[in-house]
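**Q** need a 3D model of the sequence below.
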Amino acid sequence: MDSRKSLLIIDDEPSITKILEHFLKKDFNVIIKNDGSEGMLWLEQGNQADFIIADLNMPNLNGKEFLKVAKASNLYSEIPIIILSGSDESSERIQCLNLGADDFMVKPFNPMEVHAKINAILRRSKRYS
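**A** Presented below is the predicted three-dimensional model:
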């Protein structure tokens, strides 16, 4: 039985998903989807994610739209989400955090920092649950 948590990564840049998968697959069961609607479909098919990393700018359903849908749903509103963005626009960051993102990271990022943030957020959510 796989005791690792499931990590859903939603990004349309293969280079980003490869880096994240490489760094995170030891500790997480990594699932990659190319855009927000693919990610949402995967969840709606009954798959469980313990954590989501979503890119802000993607085709079909962008990070902000994905956040809105996920946080409005009874099923997914508790899943922690980190948003990745190519822009360090503080208004974007504020909007995402206000929409329910647990963190916001600017590309290029250090994958070790992503890993540390995931662990920190999971520790916090365990404490409150």
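**Q** what ranges does the chain have for its strands?
**A** 5-10, 28-33, 51-55, 81-85, 103-106 (DSSP state E).
**Q** now the longest helix anywhere in the chain: average pLDDT?
**A** Looking across the chain with DSSP state H, the single longest helix is helix 111-128. Average pLDDT, helix 111-128: 90.
**Q** what's the angle from that helix to strand 51-55?
**A** 140 degrees (axes from the mean of the first three to the mean of the last three CA atoms, to 10 degrees).
**Q** residues in contact with the most centrally placed residue in the chain?
**A** Central residue of the chain (CA atoms, centre = their mean): residue 53, 1.6 Å from the mean position. Contacts for residue 53 (CB atoms under 8 Å, 6 or more residues apart in numbering) come out as 7, 8, 9, 10, 11, 20, 81, 82, 84, 114, 118. (Glycine included, C-beta is placed from N, CA and C.)
**Q** wait, the second one touches residue 31, no?
**A** Meaning residue 8. Yes. Residue 8 lies in contact with residue 31 (CB atoms under 8 Å); the separation is 5.0 Å.
**Q** count the residues that sit near residue 70.
**A** 24 (other CB atoms under 10 Å).
**Q** any weak-confidence spans in the protein?
**A** 1-2, 128-129 (pLDDT under 70).
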